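> quick one, structure for this:
(chains A and B)
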Protein chains: 2
Amino acid sequence: MNETLDITDRTRLRRSHERGHFDRATINQILDAQPMCSVGYVIDGRPFVTPTLQWREGNHVYWHGSSASRALRNARDAQVCLSVAILDGFVLARSGMHHSVNSRSVTLFGSAFKIEDPAEKLEKLGRFVDGLFPGRYETLRSDHAQDLKATMVLGMEISEGSAKIRTGGPKDEEEDYDLPIWAGVIPVHTTVGDPIPDPRNIDGVPLPEHVQSFQL
Amino acid sequence: MNETLDITDRTRLRRSHERGHFDRATINQILDAQPMCSVGYVIDGRPFVTPTLQWREGNHVYWHGSSASRALRNARDAQVCLSVAILDGFVLARSGMHHSVNSRSVTLFGSAFKIEDPAEKLEKLGRFVDGLFPGRYETLRSDHAQDLKATMVLGMEISEGSAKIRTGGPKDEEEDYDLPIWAGVIPVHTTVGDPIPDPRNIDGVPLPEHVQSFQL
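Predicted coordinates for the structure are as follows:
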């Protein structure tokens, strides 16, 4: 396996090259840290972006939805751009120009394919649930055949893409460091609150370990 | 002003119609709650998605970057799709099928225009800083003319788009409520940590109110 993705015309960074990363380990780490993603696709030459959840298995990324979904029907067998972006902080500098954000993002390009085989689709969906909540899938009511039919799973190979990371404090012009302006970073965190049980849970049903220990 | 956006072929919801909102108040509230956005655009018939920050003034949304940026040069005077998505929680149901996320999202469609007038551009950038950190812009070192020239600001009218909101607990099949499966919601919050001062801040520079009171 090639541990570093080839740089292409779509992924070459034009500026801030030090922020670009093409190694799979870095790309995978960001994909695994945040399921929310944006999938870009084209209909009649016009851009569409749909927020959805992605999950990764090896060198592939997957997402799913209703079989009737416009976002999925138009991404299938077509070029897509999948983007994951995590905001880590606001960077306050001494000039407006040097304000920035600390962030981690991944952009992937490729052709999306549909998982046709029902057994494979079921397996992918099970891995999606278990990827977030380990062991949960086997505790659930089994999927109905018609539910599975109503669900489309798309996949894309992770072969063309890049990660972009900014960390640390502001980088001001040398002559601006003498100014009496507060500069620094306001960190941003994503946190998980206490689980809210469904009022219709049957009495005594235990809170599963995969919920207790869930973190983002 | 039309307080509700017309539904178009690009914004009509095909499913879960109860989650769709077309009133400006709801759309604006989501845009104002989260500056991070994804801008979709098309180059040579292929989709691109770039994460960036957006800010709103009235019925327009703006974003900016380097004048040399591919994302901006290709969005200018072209069709774009701007998406803001906020993850509010994971919804755990009794079947895989009914797992979901609570979220708020906005999708806007339109043609992006470039702010040409330098004074207007400066004003927009100042409002961007002050929108996040009220009063900060006038405390900063003034923008250099060449910095302003190196920065492109794009805008788009908020005229075609929609919001999508999911809240609340799982919605299971009636016969599944008897199953001994924990169902509920794991809330997700975005929080702000303690400000980290730049080690090169001059001695005694006070922490501004706009940093102390900053929230997302």
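
> so what's A:Thr52 bridging to?
Assessed by DSSP bridges, A:Thr52 has beta-bridge partners A:Cys37.

> quick one: contacts of the helix or strand containing A:Leu148?
Assigned by DSSP states H and E, A:Leu148 belongs to helix A:145-149. Contact with helix A:145-149 is made by A:Ser67, A:Pro118, A:Lys121, A:Leu122, A:Leu125, B:Ser95, B:Met97, as judged by C-beta atoms under 8 Å, 6 or more residues apart in numbering or on different chains. Any C-beta I mention is one placed from the backbone N, CA and C, and that applies to glycine too.

> need the contact list for the fifth one.
Residues touching A:Leu125, when contacts are defined by C-beta under 8 Å, 6+ apart, comprise A:His64, A:Asp143, A:Leu148, A:Thr151, A:Val153, B:Gly96.

> dump the residues you listed to a markdown table, plus secondary structure and distance to A:His17.
Converted to a markdown table, the contacts of A:Leu125 look like this (DSSP: H, G, I helix; E, B strand; the rest coil; distance: C-beta to C-beta, whole Å):
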| residue | secondary structure | distance to A:His17 |
| --- | --- | --- |
| A:His64 | strand | 35 |
| A:Asp143 | coil | 46 |
| A:Leu148 | helix | 45 |
| A:Thr151 | strand | 41 |
| A:Val153 | strand | 36 |
| B:Gly96 | helix | 42 |
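
> got those residues as CSV, with distance to A:Ile165 columns?
Output for the contacts of A:Leu125, formatted as CSV (distance: C-beta to C-beta, whole Å):
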residue, distance to A:Ile165
A:His64, 28
A:Asp143, 38
A:Leu148, 38
A:Thr151, 34
A:Val153, 29
B:Gly96, 33
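
> and these, which are buried?
A:His64, A:Asp143, A:Leu148, A:Thr151, A:Val153, B:Gly96 (16 or more other C-beta atoms under 10 Å in any protein chain shown).

> quick check: A:Arg94 touching A:Asp178?
No. Look at A:Arg94 against A:Asp178 with C-beta atoms under 8 Å: they stay out of range, at 9.2 Å.

> neighbours around A:Gly184, how many?
22 (other C-beta atoms under 10 Å in any protein chain shown).

> any stretches of chain A with poor pLDDT?
By pLDDT under 70, the low-scoring segments of chain A are A:1-2.

> which residue ranges form the strands in it?
A:20-21, A:36-43, A:46-57, A:60-66, A:79-92, A:100-111, A:113-114, A:151-157, A:160-166, A:184-192, A:196-197 (DSSP state E).

> let me know the outermost residue of chain A.
Centroid-distance maximum for chain A: A:Asp178 at 40.1 Å, with C-alpha atoms, centre = their mean.

> thought that residue was touching B:Ile202?
Yes. Using C-beta under 8 Å, A:Asp178 makes contact with B:Ile202 at a distance of 6.7 Å.

> pick the one among the contacts of A:Leu125 closest to B:Asp198.
The shortest approach to B:Asp198 among the contacts of A:Leu125 belongs to A:His64, at 43.7 Å (C-beta to C-beta).

> how far away is the residue nearest to the closest one when sequence neighbours are not counted from chain B?
Nearest residue to A:His64, sequence neighbours excluded (C-beta to C-beta, 6 or more residues apart in numbering or on different chains): A:Val153, at 4.5 Å. Taken as C-beta to the nearest C-beta, to the nearest Å, the spacing of A:Val153 relative to chain B amounts to 12 Å.

> who's in contact with A:Val153?
Contacts of A:Val153 by C-beta under 8 Å, 6+ apart are A:Tyr62, A:Trp63, A:His64, A:Lys114, A:Ile115, A:Lys121, A:Lys124, A:Leu125.

> and these, which two are the farthest apart?
Based on C-beta to C-beta, the longest span within these runs between A:Lys114 and A:Leu125 and measures 13.5 Å.

> what about the spatially closest residue to A:Ile186 that is not a sequence neighbour, how many residues close to it?
Spatial nearest neighbour of A:Ile186, chain neighbours left out: A:Phe90 (4.5 Å); criterion: C-beta to C-beta, 6+ apart. Residues within reach of A:Phe90, counting by other C-beta under 10 Å, total 23.

> likewise the one 5 residues further on?
Here the number of neighbours of A:Ser95 (other C-beta under 10 Å) works out to 19.
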